[in-house]
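>>> Provided below are the primary sequence and the corresponding predicted coordinates.
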Amino acid sequence: MSKHTEQTPDRRQLLKAALRYGTLGLLGATGGATLFPKQKSAAQNTVWQIDPEICVACGNCATYCVLEESAVKCVHAYAMCGYCRICFGFFGPEPLDINEGAENQLCPTGAIKRTFVENPYYEYTIDESLCMGCGKCVKGCNTFGNGSLYLQVRHDRCLNCNECSIAAACPSGAYKRVPADKPYLLKKVDSAE
Amino acid sequence: MNTRSGTTNTKILIAVFVAVVISILAIVKLDTTGKKGSGLGKEFTYDLTDLGKIDPNLILYEESAPAIVTGFSVSHAIAVASDGSIYIAGDKAVRIFAESGDLLGEIKLADTPACLTVADDGKIYIGIKDHVEIYDGQGKRLATWQSLGDDAVLTSIAVSKKDVFIADAGNRIVHHLDTTGRLINRIGGKDKDRNIPGFVIPSPYFDLAVARDGLLRVTNPGQHRIEAYTFEGDLEFSWGRFSAGIEGFCGCCNPVNFAILQNENFVTCEKGLIRVKIYDPDGTFVGVVAGPEQLVEGGSSRISEFGPDSQAGGFDVAVNTKGRIFVLDTIKNVVRKFTRTSPKK
């Protein structure tokens, strides 16, 4: 009887066991979330996208993505572009000269290429391998130009996390779930004013 | 036994304490809402704050009276008649205000007006998409001219006696008609033989006016200048240059609108870095009417924070015979009145 009594766990042992297994469980959950953040969404028929009419190009897309290189890139609505000689998505606000010199460019990574079309028009293209989605050119283009440069989640890179860390950090609520068969929210010519 | 139990309790307490500290640190350090910003360096931020600041000594005007609230949800253009009445085109109407701000009348339209002018005879010429409609002072439609083409985007009208000039941003040309709507010629088309480079209009801002010297003035925003043409279409001269500095026109395409004062000075409006400035007839910078700090809520620090107001900022401007300047704020849809304070020139 007394032996049986010794084997019965007292309240303190029960608490210790609960704490031990609880901690293990918590560690497991945290570790799992840390190690496998790239699980595909349960909602396989939708993907994340940025609504360009709501986006404020805050720069969070460049740093909040779980990928080392953000899945968000600048894209260009060519039909909206003015093909300006002095494009303020390409040049800084006070360029030293109007040429492609790095010191005149707005993009910190030189991801926008400027190509002469005919006097006085130039075409601007995005080198996605250099673009990090900071949105600096988007601000310049929207402030002064037609807003033809804008940010989009590129689905050849995006892991479509259930809880997109950029969406959580988006100050304007521009991130949306969109149908996977229409994964981009593209600007149209009517968007230009 | 008691000692062992005490040691265990101490360990548990330490573990709980450490867990609490880690949790607090995690809550403090982690930013799940993005409110702490991107963490990007200065080279990644777009900051026009310094450019938006204007030397107070250059500002020659002050806002002299409360703004006129147009009541429009979208406004496009302003004109001042010879009697001083202020005409505003917006939504699907033209509203007429006294300088005091009292609403004098309204002309309802079938579509959104983009531009307008009031001729000396009181007739109101209104540009709607691709055509012009003419109304009398009582709001009765007198004529509807035929379309100027599928690609026509009318952005400005000027009337000088029997001549009507219509700026067409879609076709990058000025249509010159008589007051019956008959086409006389087209002005400003690219023509190497006449040494006319052509208009560069990246966005639908393309303004014109007839100056007192009898020449037509037309903006060429993509070239950052104002050009002077004869009514026959000869390019006489031009002025203006690109510069982020106050003396030039900033951005990809400016000025967007202008008006001509009685003393023949020009009042120009720029978008992006919203500035209203004065130039003499030769294009020499005279001074500033108002800059971003006066025209944009929150001052210059807000000018690049686009959002619902994105792409707004193509303000229009008109003047009256007393030299007062009326700026149509297309973000707030109000008319702001500026009066000169320190005549230096």
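Done, it's in. Residues are numbered from 1 along each chain as shown, chains lettered A, B, ... in the order given.
>>> Can you give me the distance of the residue nearest to residue A:136 when sequence neighbours are not counted to residue A:137?
Closest residue in space to residue A:136, ignoring its immediate chain neighbours: residue B:46 at 5.1 Å, by CB to CB, 6 or more residues apart in numbering or on different chains. (C-beta placed from N, C-alpha, C; glycine too.) Relative to residue A:137, residue B:46 is positioned 9 Å away (criterion: CB to CB, to the nearest Å).
>>> And the pLDDT for residue 180?
You didn't pick a chain, so chain A it is. Note on residue A:180: pLDDT of 96.
>>> not quite, I wanted chain B
For residue B:180, pLDDT reads 97.
>>> Quick check: the residue nearest to residue A:136 touching residue A:139?
Yes - the criterion here is CB atoms under 8 Å, and residue B:46 meets it with residue A:139 at 3.9 Å.
>>> quick one: which of the two has more around it?
residue A:139 (25 against 21; other CB atoms under 10 Å in any protein chain shown).
>>> Wasn't that one part of a helix?
Yes - Residue A:139: assigned to a helix according to DSSP: H, G, I helix; E, B strand; the rest coil.
>>> Am I right that residue B:295 is in contact with residue B:327?
Yes - using CB under 8 Å, residue B:295 is in contact with residue B:327, at 7.2 Å.
>>> can you list the residues of the stretch 101-250 of chain B near chain A?
B:200-204, B:222-224, B:242, B:244, B:250 (CB under 8 Å from any CB of the partner chain).
>>> can you do 6 Å?
Within the stretch 101-250 of chain B, the positions adjacent to chain A are B:200, B:202-203, B:242, B:244 by CB under 6 Å from any CB of the partner chain.
>>> Relative to residue B:109, how far out is the residue in chain A positioned nearest to chain B?
Nearest residue of chain A to chain B: residue A:82, at 2.4 Å (CB to the nearest CB). Taking CB to CB as the measure, residue A:82 and residue B:109 are separated by 29 Å.
>>> And the two? Which one has more around it.
residue A:82 (21 against 18).
>>> Whichever residue of the stretch 101-250 of chain B sits closest to chain A: neighbour count?
Using CB to the nearest CB, the single residue of the stretch 101-250 of chain B nearest to chain A is residue B:202, 2.4 Å away. For residue B:202, the count of nearby residues is 25 (other CB under 10 Å).
>>> what residues are up against it?
A:82, A:84, B:222, B:252-253 (CB atoms under 6 Å, 6 or more residues apart in numbering or on different chains).
>>> Okay, helices next: where are they in the chain?
Unless you meant another one, I'm taking chain A. A:2-7, A:11-35, A:60-64, A:136-144, A:165-169 (DSSP state H).
>>> nope, chain B
B:2-29, B:49-52, B:292-295.
>>> Chain A: which of the ones you listed is closest?
Judging these by CB to the nearest CB, what sits closest to chain A is helix B:49-52, at 5.7 Å.
>>> Just give me the neighbour total for residue A:127.
For residue A:127, using other CB under 10 Å, the count is 14.
>>> List the residues that contact the residue lying closest to it once chain neighbours are set aside.
What sits nearest to residue A:127 in space, not counting adjacent residues and going by CB to CB, 6+ apart, is residue A:111, at 4.9 Å. Applying CB under 6 Å, 6+ apart to residue A:111 gives the contacts A:126-127, A:130-131.
>>> In the sheet, which residues pair with the closest residue in space to residue B:80 that isn't next to it in sequence? Tell me.
In space, and not counting its chain neighbours, residue B:80 is closest to residue B:318: 4.4 Å by CB to CB, 6+ apart. In this entry, residue B:318 is beta-bridged to residue B:326, by DSSP bridges.
>>> Poorly predicted segments of chain A, please.
Chain A contains residues with pLDDT under 70 at A:1-9, A:25-44, A:190-193.
>>> where along the stretch 201-345 of chain B do the strands fall?
For the stretch 201-345 of chain B, the strands defined by DSSP state E, counting those that start in this stretch cover B:208-210, B:216-220, B:225-229, B:235-239, B:257-260, B:266-270, B:275-279, B:285-290, B:316-319, B:325-329, B:334-340.
>>> Got phi/psi on residue A:158?
Phi and psi for residue A:158, reported as degrees, to the nearest 10, are phi -60, psi 140.
>>> my guess is it meets residue A:73, correct?
No - the pair residue A:158 / residue A:73 is not scored as a contact, 10.2 Å apart, by CB atoms under 6 Å.
>>> before we move on, back to that, neighbours of the residue nearest to residue B:80, just the number please.
24.
>>> Would you mind giving the contacts of residue B:202 as a markdown table with distance to residue B:86 added?
As requested, those are exported to a markdown table (distance: CB to CB, whole Å):
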| residue | distance to residue B:86 |
| --- | --- |
| A:82 | 31 |
| A:84 | 33 |
| B:222 | 30 |
| B:252 | 30 |
| B:253 | 27 |
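>>> so what's residue B:273 closest to, chain neighbours aside?
Using CB to CB, 6+ apart, the nearest residue to residue B:273 is residue B:250, at 4.9 Å.
>>> and the gap between the one you found and residue B:332?
In terms of CB to CB, residue B:250 sits 22 Å off from residue B:332.
>>> With residue A:120 instead?
34 Å.
>>> of all the residues in chain A, which ones are close to chain B?
Counting by CB under 6 Å from any CB, chain A sits next to chain B at A:56, A:59-60, A:62-63, A:82, A:84, A:86-88, A:93-94, A:108, A:120, A:134, A:136, A:139-140, A:142-147, A:168-169, A:171, A:193.
>>> Go ahead and produce PDB holding the CA coordinates of stretch B:282-294.
Output of stretch B:282-294 as PDB, limited to C-alpha atoms (Å, rounded to 0.1, in the frame of the first residue of the first chain):
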ATOM      1  CA  ASP B 282      11.200  86.000 -72.200                       C
ATOM      2  CA  GLY B 283      11.100  83.100 -69.800                       C
ATOM      3  CA  THR B 284      13.300  84.600 -67.100                       C
ATOM      4  CA  PHE B 285      12.300  83.300 -63.700                       C
ATOM      5  CA  VAL B 286      10.700  86.000 -61.600                       C
ATOM      6  CA  GLY B 287       9.400  84.300 -58.400                       C
ATOM      7  CA  VAL B 288       7.100  81.800 -56.800                       C
ATOM      8  CA  VAL B 289       3.400  81.900 -56.200                       C
ATOM      9  CA  ALA B 290       3.300  78.800 -54.100                       C
ATOM     10  CA  GLY B 291       5.300  75.600 -53.600                       C
ATOM     11  CA  PRO B 292       4.700  72.200 -52.200                       C
ATOM     12  CA  GLU B 293       4.700  73.500 -48.700                       C
ATOM     13  CA  GLN B 294       1.900  75.800 -49.500                       C
END
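>>> Could you find the closest non-adjacent residue to the residue of the stretch 101-250 of chain B closest to chain A?
residue A:82 (2.4 Å).
>>> excluding its backbone neighbours, what's nearest the most centrally placed residue in chain A?
Nearest to the mean C-alpha position of chain A, by CA atoms, centre = their mean, lies residue A:61 at 3.4 Å. Excluding its sequence neighbours, the residue lying closest to residue A:61 (CB to CB, 6+ apart) is residue A:72, at 3.7 Å.
>>> Distance-wise, check the residue nearest to residue B:267 when sequence neighbours are not counted relative to residue B:217.
Using CB to CB, 6+ apart and skipping the chain neighbours, the partner closest in space to residue B:267 is residue B:259 (4.7 Å). Note on residue B:259: its distance to residue B:217, by CB to CB, is 10 Å.
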